[in-house]
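Novice: Below are the sequence and a predicted model; questions follow.
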Amino acid sequence: MAKSKQKPQNNTLILQQEENKPQEQAENIQTQQEEEEEEKSFEELGVDPRLIRALSKKSIEKPTPIQRVAIPLILEGKDVVARAKTGSGKTFAYLLPLLQKLFSDMPSKKNLAPTAFILVPTRELCQQLYLEVMSLIELCRVQLKVVQLTSAMSASDLKTALAGPPDVLVSTPACIQKSLSNGILQAKAIQDSLSVLVLDEADLLLSYGYEDDLKALTAHVPKRCQCLLMSATSSTDVDKLKKLVLHNPYILTLPEVGDVKDDIIPKNVQQFYISCSARDKLLHIFALLKLELVQKKVLIFTNTIDMSYRLKLFFEQFGIKSAVLNAELPQNSRLHILEEFNAGLFDYLIANDVNQSIATGQNDKESHGAGKKSKRFPKRKLDGEFGVVRGIDFKNVHTVINYEMPQSAAGYVHRIGRTGRAYNTGASVSLVSPEEMNVFEDIKSILGENGGEDSKFIAPFPLLSKNAVESLRYRAEDVARSVTKIAIKESRAQDLRNEILNSEKLKAHFQDNPKDLDLLKHDKVLSKKEPAPHLRDVPEYLLDPTTQEASKIVKLARAAMGNTNPVRRKGFKGKFRSKNPLKTFSSEAPKRAPKAGMKRKGKDKDDGQKLKKKQYV
Ligand SMILES: Nc1ncnc2c1ncn2[C@@H]1O[C@H](COP(=O)(O)OP(=O)(O)OP(=O)(O)O)[C@@H](O)[C@H]1O
């Protein structure tokens, strides 16, 4: 297959890879697009007015570069591979034309399988995507049936979901394979009905272990089916998938995606680092948060689940409320934590993004051990379909903190990509210990650093002075000592038990009230030891003027961005109390967590204790 010449455009590089098309034609496409595409509106791209109105209700007015190029091609029915950085709007780039096609060619009543499959690597993405599609359809007031499959579904659930059949199916490849092998989905029906196949987050599909599932499916994908492949990075896995499913695709690559520096990280994300010993990391993160030197909301990454709980327990002693998200929690809880965080119910989320099943080589993607209970104690199996970072659209994250460095540049890119989404700005702060310097140097060089020199792209964090850090050392170290291994173990087990109980109730409740979120709090206090009141505030005499100034600047910037209040979802509160099946929990329903530094009265001192009582009576 001959590759055509590469030619950079304003925002997009198009590589034409069609065997049958002469080079000349490829270039014509480039030139034409070069002139026209730059400032096109959704309307000019040919997007259906109903979809444009729906986007407008989501405050989305103009297309992103990848959308400008991809939408017309997909509307024309072309196979497309789109590679664009995280947060560049790839989802709408395929979803808008896909839905538009379904609006105009209403699927045939004779279809025995869905018209469109959207395959993603994790359940979190399935859920997020499903909600996105549903919300567009509702806003457009069009009758289309969309379902998501999860591997927790029994054969009869799958059968019910696929009855009809739905027009759009959102799933992981494993669930499709399960349905095929159970005879719930017929290969012949797929051959007759499938018109569009989307592989989203394609760079991750193979690394999550779906190669065999995909091969089994692609054997039945008809030649006429339009195939779309979306990816944040380019890799051999993407190439493999491309060969597996696509016929003469148009390859769209934003120039940012590649192997040069200011590439895959959005330009609107400022990257910083702080160099400190592993032992001093707690002290530094405490200073960053307590002195308010970073903008909220903050997403904090660790490499182990225990470290996430260590941080949470440490923060609690200073009145900083946070929630932990990890692969061992039940799926409903994880989805709910994500939704609450996105809705602005708490400001600090501590996430662990190491995919243990991949790390240990164990293929656990069909397992739901986290949701199973042994008689005495929940069995801690990790969920291999869990994807906390990859592709998840965290809303309004202004700062990403790498409390521990990721293992690879790709991991770094995916973590940092959770802020600065679309046209927003964001910042990242990486705490780098001497032991992590090698991986940090690798990341810098892969991102285009010129060896050894101080980074222009990942700069030293300027707002935290040595004095400010040292003034907090005593209290930070004192509290750090109290967060023992046993305390971490107990809290982790307690959180898991709570969440398993919650998860059952959540599942039942959300089946009836899919929009209710305000049910359970995930940022509840886990410490047995009550936080000492004097630790909640940093006394004035400990603050040096430079730090106070820095903190003011951050606050001013936040105010200028209109980010002083947490984002709350419309219609979020009080709608369901009367028929809330979680009555036992309603008294625990999230009051706003007190702002850091605000004193609380004795009554709501220990939410963890109260919750425990309610749950175990
Ligand atoms: N044209 C647009 N204008 C403003 N915001 C947009 C636009 N298109 C998408 N968005 C928003 O940008 C955010 C990121 O979009 P999306 O999740 O599609 O990015 P992505 O490229 O798929 O990222 P990732 O590779 O991390 O999955 C979403 O919140 C989405 O609603």
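Specialist: Looks like it arrived, so ask away.
Novice: From now on I want contacts and neighbour counts done on CA atoms only, so please keep to that.
Specialist: Will do.
Novice: Let me know the distance separating L291 from the ligand.
Specialist: Relative to the ligand, L291 is positioned 29 Å away (Cα to the nearest ligand atom, to the nearest Å).
Novice: Next, give phi and psi for that residue.
Specialist: phi -90, psi 0 (degrees, to the nearest 10).
Novice: How about the residues of this structure by the ligand?
Specialist: Residues of the chain lying near the ligand by Cα under 6 Å from any ligand atom: 60, 62-64, 85-92, 232, 391, 393, 417, 421-423.
Novice: Narrow those to those that are buried.
Specialist: 62-64, 85-92, 232, 391, 393, 417, 421-422 (16 or more other Cα atoms under 10 Å).
Novice: Any regions of the stretch 501-617 of the chain where pLDDT drops low?
Specialist: For the stretch 501-617 of the chain, residues meeting the criterion pLDDT under 70 lie at 501-531, 533-536, 541-542, 556-617.
Novice: Just the CA atoms of the helix or strand containing I401, as CSV, please.
Specialist: Counting by DSSP states H and E, the element that carries I401 is strand 399-402. Taking C-alpha atoms only, strand 399-402 is exported to CSV below (Å, rounded to 0.1, in the frame of the first residue of the first chain):
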residue,chain,number,x,y,z
THR,A,399,-4.9,20.7,38.3
VAL,A,400,-3.5,17.3,37.9
ILE,A,401,-0.9,16.3,40.6
ASN,A,402,1.4,13.3,40.0
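Novice: Next secondary structure element downstream of that strand?
Specialist: helix 409-416.
Novice: helices or strands up against that following helix?
Specialist: For helix 409-416, the elements it packs on are helix 437-446, judged by 3 or more Cα pairs under 8 Å, 6 or more residues apart in numbering; DSSP states H and E.
Novice: just to revisit the earlier point, among the residues of the chain next to the ligand, which are located in helices?
Specialist: 90-92 (DSSP state H).
Novice: Let me have the residues you listed in CSV, adding distance to R53 and pLDDT as columns.
Specialist: Shown next, in CSV, are those (distance: Cα to Cα, whole Å; pLDDT from 0 to 100):
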residue, distance to R53, pLDDT
K90, 19, 91
T91, 17, 94
F92, 14, 96
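Novice: what's around the closest residue to S235 other than its chain neighbours, how many residues?
Specialist: Of all residues not flanking S235 in the chain, D203 sits nearest, at 6.6 Å (Cα to Cα, 6 or more residues apart in numbering). A count of neighbours around D203, defined by other Cα atoms under 10 Å, yields 24.
Novice: pLDDT weak spots in this structure?
Specialist: 1-38, 106-109, 234, 254-266, 354-391, 448-456, 501-531, 533-536, 541-542, 556-617.
Novice: one more time with 50, if that's ok
Specialist: Within the chain, the segments meeting pLDDT under 50 span 1-32, 35, 256-263, 356-380, 450-455, 517-519, 564-617.
Novice: on that earlier part again, quick one: contacts for the residue nearest to S235?
Specialist: D203 makes contacts with 231-235, 237-238, as judged by Cα atoms under 8 Å, 6 or more residues apart in numbering.
Novice: Roughly how far does it sit from E124?
Specialist: 16 Å (Cα to Cα, to the nearest Å).
Novice: Who are the packing partners of the helix or strand where R475 lies?
Specialist: For R475, the host element (DSSP H and E) is helix 466-482. Applying 3+ Cα pairs under 8 Å, 6+ apart, one finds that helix 466-482 contacts helix 281-290.
Novice: Let's see the very next helix or strand once past the helix it packs on as PDB, backbone CA atoms only.
Specialist: The helix or strand immediately downstream of helix 281-290 is strand 298-302, counting by DSSP H and E. Once non-C-alpha atoms are left out, strand 298-302 reads as follows in PDB (Å, rounded to 0.1, in the frame of the first residue of the first chain):
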ATOM      1  CA  VAL A 298      -7.600  18.700  41.700                       C
ATOM      2  CA  LEU A 299      -7.000  15.100  40.400                       C
ATOM      3  CA  ILE A 300      -4.200  13.400  42.200                       C
ATOM      4  CA  PHE A 301      -2.500  10.300  40.900                       C
ATOM      5  CA  THR A 302      -0.800   7.600  42.900                       C
END
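Novice: List the strands paired with strand 298-302, with their directions.
Specialist: strand 348-352 (parallel), strand 399-402 (parallel) (DSSP bridges).
Novice: Could you look up the SS state of the spatially closest residue to V147 that is not a sequence neighbour?
Specialist: Nearest residue to V147, sequence neighbours excluded (Cα to Cα, 6+ apart): L169, at 5.2 Å. Applying DSSP: H, G, I helix; E, B strand; the rest coil to L169 yields a three-state assignment of strand.
Novice: count of neighbours near L169?
Specialist: A count of nearby residues for L169, using other Cα under 10 Å, gives 25.
Novice: That one bridge partners, please.
Specialist: Bridge pairing for L169 (DSSP bridges) gives the partners F117, V147.
Novice: Make sure it is actually in contact with F117.
Specialist: Yes: proximity of L169 to F117 meets the contact threshold set by Cα atoms under 8 Å, at 4.9 Å.
Novice: picking up where we left off before, show me which positions of the helix holding R475 end up buried.
Specialist: Neighbour counts using 16+ other Cα under 10 Å place 468-469, 471-473, 476, 479-480 of helix 466-482 among the buried residues.
Novice: repeat for stretch 212-228
Specialist: For stretch 212-228, the neighbour count (16+ other Cα under 10 Å) marks 213-214, 216-217, 220-222, 225-228 as buried.
Novice: got it, and stretch 331-343?
Specialist: In terms of neighbour count (16+ other Cα under 10 Å), stretch 331-343 has its buried residues at 331-343.
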